[in-house]
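Novice: show me the folded form of this:
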Amino acid sequence: MKLKWTPVLLIMLVIAVMAGCSSGSGSNNEPTNAPDPTANAETTEAPASEEPSAAPSDGPSDLGGRTIRIGQWWGMENYLSEEEKERQRKTEEKYNVKIEYVTVPFAEIQSRIITTSVAGQPFADIIMIPLEWSIPKMVSEGYIRNIDDLVDMNDQNWNQIMLNYGKYNGKQYSFTDKDNNGHGFFYNKTLIQRNGLEDPYELQEKGEWTWDKFLEMTKAVTKDGVFGVAPYDTPTSLTIPFLYSNNGFVTKDDQITFDSPESLEAIQFVSDLYNTHKVVGGSWVEGTALFYPGYRWAAYDFNGTMADDWGYVFFPKGPKADNYVVPTPINMWHLMADVENPKEVMTVWMELFERDIEKSNDGVIRAEEANFRNQEGLNTLRKMLGNGTVLEYLAYDGFGGYFNEAINNIMSGKGTVSSELARIKPLTQAAIDVTLKK
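Specialist: Below you'll find the predicted structure:
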């Protein structure tokens with residue numbers, strides 16, 4: 001669908017879009033929404049494979065030397081493994097195409113998608129962006145094309161997190177070759193041993209890794225300048241894991257749920273960590289905090305600088321939960337609405353990436369072997385893959401800013417759980433309504 005605009009209207013829209021992208025608070029307040037280049041280079045990591053996956057039987061064999069542009073922000077071509085390079089070479093030869101990686105700074109991708117699409121010339125054919133940017137906003141505004149009529153959606157190689165969260169109004173818009181978003185607690189094994197505590201990994205494997213055990217450990221080590229847990233950055237980075245690990249949600253199906261009984265219990269638990277038990281503080285890298293919430297790629301940042309031994313486990317289960325959870329945002333690939341020959345482009349994409357789920361998981365684990373200290377942590381990470389629960393509230397313009405403000409006030413003792421959540425509820429509802437254009 002080509003969008004036609006007069007020059008004056010185009011200039012006005014570009015100015016409005018740039019202002020909107022710079023002022024939105026929903027997607028930039030979470031620490032994981034602007035992942036580092038190393039982390040997202042691994043999003044494209046593919047294990048060795050003798051041959052690319054088979055293309056659809058009616059797919060093209062010669063695209064006449066066409067260039068297919070892949071948009072991302074980390075300089076993807078610089079992180080390709082030798083196996084990936086060979087896979088690309090075979091794909092280019094098979095279909096007579098050229099793969100070009102278009103790198104745009106993370107902070108500029110959203111506006112570049114909109115302005116170039118409005119001009120009828122999207123800067124890439126397939127672009128990776130955070131899911132909260134695409135669904136529902138960019139999809140409903142017509143910048144992204146669904147893929148249901150281009151590929152076999154019954155293909156067993158499509159992973160579950162994509163099928164669960166990449167749809168809008170029943171159609172598939174977001175796609176990915178893997179889910180590599182491990183998110184759990186790093187823990188200081190040296191402090192565990194020094195204090196005579198049971199190893200969290202052993203508790204996890206027995207199904208006994210719970211909030212009660214977590215609280216017991218954090219209280220036991222909080223003394224002499226050492227604390228039980230250090231947040232990743234803001235209090236929200238500690239609150240979200242407990243909220244979702246108690247079968248709670250911030251939003252679900254476009255409805256506010258941060259004031260459900262499960263969510264309220266979790267937020268109060270974290271408030272007590274800060275204000276009653278006073279176990280929050282210290283420095284993870286310096287060895288003065290027992291636990292540290294982080295995505296699997298955080299190990300790359302501190303592994304070489306941390307003297308103490310450490311492990312990696314799921315977040316502990318809350319009283320209302322039956323299973324361990326992996327709350328996460330996620331980046332996915334998207335096909336731009338104005339791309340020419342979309343079926344052919346998707347056929348080539350499916351050749352470029354290892355989509356076999358087990359082989360993809362193997363590739364993620366291999367990529368992390370140099371960063372993780374022990375096999376136990378890698379075992380935990382493997383169990384996390386494919387089991388993510390996407391943080392849908394990040395999709396609503398301004399929602400994250402209001403929620404973070406309330407959590408900051410609660411954890412600093414400036415407001416109660418009930419009063420702060422009641423204060424922001426109409427504001428966050430308005431954020432949902434604006435995003436959904438109600």
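Novice: D152: what secondary structure?
Specialist: State at D152, reduced to three classes by DSSP: H, G, I helix; E, B strand; the rest coil: coil.
Novice: so for stretch 256-272, what gets flagged as buried?
Specialist: Across stretch 256-272, burial judged by 16 or more other CB atoms under 10 Å covers 256-258, 260, 262-271. For every residue, glycine as well, the C-beta is placed using N, CA and C.
Novice: cool, and stretch 301-318?
Specialist: Buried residues in stretch 301-318, counted by 16+ other CB under 10 Å: M306, D308, W310, G311, Y312, V313, F314, F315, P316, K317, G318.
Novice: pLDDT weak spots in the stretch 151-300 of the chain?
Specialist: For the stretch 151-300 of the chain, no stretch has pLDDT under 70.
Novice: with secondary structure and distance to A431 added, can I get the buried residues of stretch 256-272 in JSON lines?
Specialist: Output for the buried residues of stretch 256-272, formatted as JSON lines (DSSP: H, G, I helix; E, B strand; the rest coil; distance: CB to CB, whole Å):
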{"residue": "I256", "secondary structure": "strand", "distance to A431": "10"}
{"residue": "T257", "secondary structure": "coil", "distance to A431": "14"}
{"residue": "F258", "secondary structure": "coil", "distance to A431": "12"}
{"residue": "S260", "secondary structure": "coil", "distance to A431": "18"}
{"residue": "E262", "secondary structure": "helix", "distance to A431": "22"}
{"residue": "S263", "secondary structure": "helix", "distance to A431": "17"}
{"residue": "L264", "secondary structure": "helix", "distance to A431": "20"}
{"residue": "E265", "secondary structure": "helix", "distance to A431": "24"}
{"residue": "A266", "secondary structure": "helix", "distance to A431": "21"}
{"residue": "I267", "secondary structure": "helix", "distance to A431": "19"}
{"residue": "Q268", "secondary structure": "helix", "distance to A431": "24"}
{"residue": "F269", "secondary structure": "helix", "distance to A431": "26"}
{"residue": "V270", "secondary structure": "helix", "distance to A431": "22"}
{"residue": "S271", "secondary structure": "helix", "distance to A431": "23"}
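Novice: list the contacts for T416?
Specialist: I410 (CB atoms under 8 Å, 6 or more residues apart in numbering).
Novice: now it: how far from D301?
Specialist: 35 Å (CB to CB, to the nearest Å).
Novice: list the residues that contact I161.
Specialist: By CB under 8 Å, 6+ apart, the contact list for I161 reads T176, D179, N181, I330, G386, N387, G388, V390.
Novice: without its sequence neighbours, what residue ends up closest to the first one?
Specialist: To tie it back to what came earlier, the one meant is T176. M332 (4.6 Å; CB to CB, 6 or more residues apart in numbering).
Novice: name the helices or strands packed onto the helix or strand hosting the one you found?
Specialist: According to DSSP states H and E, M332 maps onto strand 331-336. Here strand 331-336 touches strand 126-130, strand 144-145, strand 174-175, helix 342-352, going by 3 or more CB pairs under 8 Å, 6 or more residues apart in numbering; DSSP states H and E.
Novice: wait, which of those is closest to V250?
Specialist: Between V250 and the helices and strands packed on strand 331-336, the tightest spacing by CB to CB is seen for strand 126-130, at 15.9 Å.
Novice: and that closest one, which strands flank it?
Specialist: Sheet pairing of strand 126-130 (DSSP bridges) gives strand 66-72 (parallel), strand 331-336 (antiparallel).
Novice: any idea which of the ones you listed gets closest to L150?
Specialist: That would be strand 331-336 among the strands paired with strand 126-130, by CB to CB, at 7.7 Å.
Novice: now tell me what touches the longest helix anywhere in the chain from outside.
Specialist: Secondary structure assigned by DSSP state H gives helix 417-436 as the longest helix of the chain. Here helix 417-436 makes contact (CB under 8 Å, 6+ apart) with 26, 136-137, 140, 251, 254, 256, 258-259, 264, 267-268, 271, 395-399, 402-403, 405-407, 409-410, 415, 438.
Novice: let's see which of those end up in helices.
Specialist: 140, 264, 267-268, 271, 399, 402-403, 405-407, 409-410.
Novice: out of these, which comes closest to K343?
Specialist: S140 (23.2 Å).
Novice: how about the strands in the stretch 151-300 of the chain?
Specialist: Taking DSSP state E, counting those that start in this stretch as the test, the strands found in the stretch 151-300 of the chain are 167-168, 171-172, 174-175, 183-188, 227-229, 251-252, 255-256, 289-295.
Novice: format these as TSV; extra columns: distance to N146.
Specialist: Listed next are the strands of the stretch 151-300 of the chain as TSV, based on distance: least, CB to CB, whole Å:
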stretch	distance to N146
strand 167-168	8
strand 171-172	4
strand 174-175	10
strand 183-188	28
strand 227-229	42
strand 251-252	23
strand 255-256	24
strand 289-295	29
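Novice: nearest to E340, out of these?
Specialist: Across the strands of the stretch 151-300 of the chain, closest to E340 is strand 174-175 (CB to CB), at 18.7 Å.
Novice: chain center to the closest one: distance?
Specialist: Centre-to-centre, strand 174-175 and its host chain are 13 Å apart (CA atoms, centre = their mean, to the nearest Å).
Novice: quick one: secondary structure of V339?
Specialist: coil.
Novice: what about the nearest residue to E376 once chain neighbours are set aside, distance to K425?
Specialist: Leaving out its chain neighbours, the residue that sits closest to E376 by CB to CB, 6+ apart is Y201, at 4.8 Å. Y201 sits 39 Å away from K425 when distances are taken as CB to CB.
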